[in-house]
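> whatever this is, show me its structure:
(one chain, ligands or ions: 1)
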Amino acid sequence: MSTIVIKIGGGEGIDPCALAPEIAALVRAGERVVIVHGGSHETNELARALGHPPQTITSPSGRPSRRTDRRTLEIFEMAYCGKVNKALVEALRREGVDAVGLSGIDAGIWIGERKSAVRAVEDGRTVIIRDDLSGRVESVDGAFLRTLMDAGRTPVLTPPAVTPDGIAINVDADRAAAATAGALDADELLLLSNVPGLLRDRTDPSSVIAEVDGESMEAARTAAGGRMQNKVLAAEEAIGAGVQTVVIGSAGGEGAIGRARAGAGTVFQSAGAAV
Ligand code: ADP
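Numbering: from 1, shown residues only. Predicted coordinates:
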């Protein structure tokens, strides 16, 4: 019996509900499964429809993130915790999974500090944003998630997280999934999205880097651009936290989870893991 954390991306073209039958098969086989999902595309669509279009800020190191003012956080919650989370819980329940949809705020599952100052590069200048509602997951209530799984339930988790004093914060779902996998001593973390893996050449889908270990981590970091940087960081953090295997793979097509588990995509392995 393994503990498997599966993060399903929220990029354009990903249908998380299509993975429900495969998740159900894992749960039926007795695996302990935790689902984490994103919702960036749905959030962007909803934000435009509501007249508060999405804004991206880029850190000095080139990592993009969502500018999260109070109104954006509300829209983010509507999309992540509302539309995407409930659709996935519904699809899983239809497959016979006792799925429980929760955000990181609920029960304080994901606790993190809000960034008091976000550095962003605008027109070549670095500016400081002080009212952003974003941060990073620092602790995960693994005991609570274990209680749910011990009772036969499958947690379906999504951002936001929450600060110790109760402020909701936008956090990166890949890194939240990594922290969750670490807290649960998970055997596997699957980061599934709309690309087949970490690509050596972003424009060539056949250039998937098959394996990353301690020595090739630097090269993996260099290959990753845009939001892929968060996935590589998440993989590194999960391995550092003791997760045996992390795979960055595709969420698309039938059998996507099985393929990723079989090594399709980019496999990160801890030094001690059996190959
Ligand atoms: P999700 O929302 O599904 O979690 P993201 O959009 O955050 O996924 O991250 C995946 C994106 O990262 C890809 O769609 C691609 O545009 C981008 N990317 C940048 N560099 C790379 C790379 N080297 N290999 C693969 N994808 C990359």
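> and the closest residue to residue 10 other than its chain neighbours, how far is that from residue 231?
Computed as Cβ to Cβ, 6 or more residues apart in numbering, the closest residue to residue 10 that is not its neighbour in sequence is residue 38, at 2.9 Å. C-beta: built from backbone N, CA, C; applies to glycine. Noted for residue 38: a distance of 11 Å to residue 231, by Cβ to Cβ, to the nearest Å.
> quick check: phi and psi on the nearest residue to residue 200 once chain neighbours are set aside?
Distances taken as Cβ to Cβ, 6+ apart put residue 207 closest to residue 200, at 4.2 Å, once the chain neighbours are dropped. Backbone torsions of residue 207, given as degrees, to the nearest 10, read phi -100, psi 30.
> hang on, residue 207 packs against residue 196?
No: contact criterion Cβ atoms under 8 Å: residue 207 and residue 196 do not qualify, at 9.4 Å.
> higher neighbour count, these two?
Of the pair residue 207 and residue 196, residue 196 is the one with more neighbours under other Cβ atoms under 10 Å, namely 19 against 14.
> for the residue of the chain found nearest the ligand, list the residues it contacts.
Closest to the ligand within the chain is residue 9: 1.8 Å, counting by Cβ to the nearest ligand atom. By Cβ atoms under 8 Å, 6 or more residues apart in numbering, the contact set of residue 9 is 37-38, 40, 173, 191-194, 251.
> buried ones from these, can you make that a PyMOL selection?
Buried subset of the contacts of residue 9, written as a PyMOL selection, criterion 16 or more other Cβ atoms under 10 Å:
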select buried, resi 37+38+40+173+191+192+193+251
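> take the contacts of residue 9 and keep only those in strands.
Among the contacts of residue 9, the ones falling in strands (DSSP state E) are 37, 191-193.
> can you pull out the low-pLDDT segments for the protein?
Scanning the chain for pLDDT under 70 picks out 272-275.
> can you list the residues of it near the ligand?
9-11, 14, 38, 40, 193-195, 198-199, 202, 223-228 (Cβ under 6 Å from any ligand atom).
> list buried residues within those.
Buried among these (16+ other Cβ under 10 Å): 9-11, 14, 38, 40, 193, 195, 198-199, 223-224, 227-228.
> among these, which are located in strands?
Using DSSP E, these in strands are residue 193.
> what segments of the stretch 151-275 of the chain are strands?
154-158, 161-162, 168-169, 188-193, 211-212, 245-250, 266-269 (DSSP state E, counting those that start in this stretch).
> adding distance to residue 57, write those out as TSV.
Converted to TSV, the strands of the stretch 151-275 of the chain look like this (distance: least, Cβ to Cβ, whole Å):
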stretch	distance to residue 57
strand 154-158	21
strand 161-162	18
strand 168-169	15
strand 188-193	21
strand 211-212	28
strand 245-250	24
strand 266-269	27
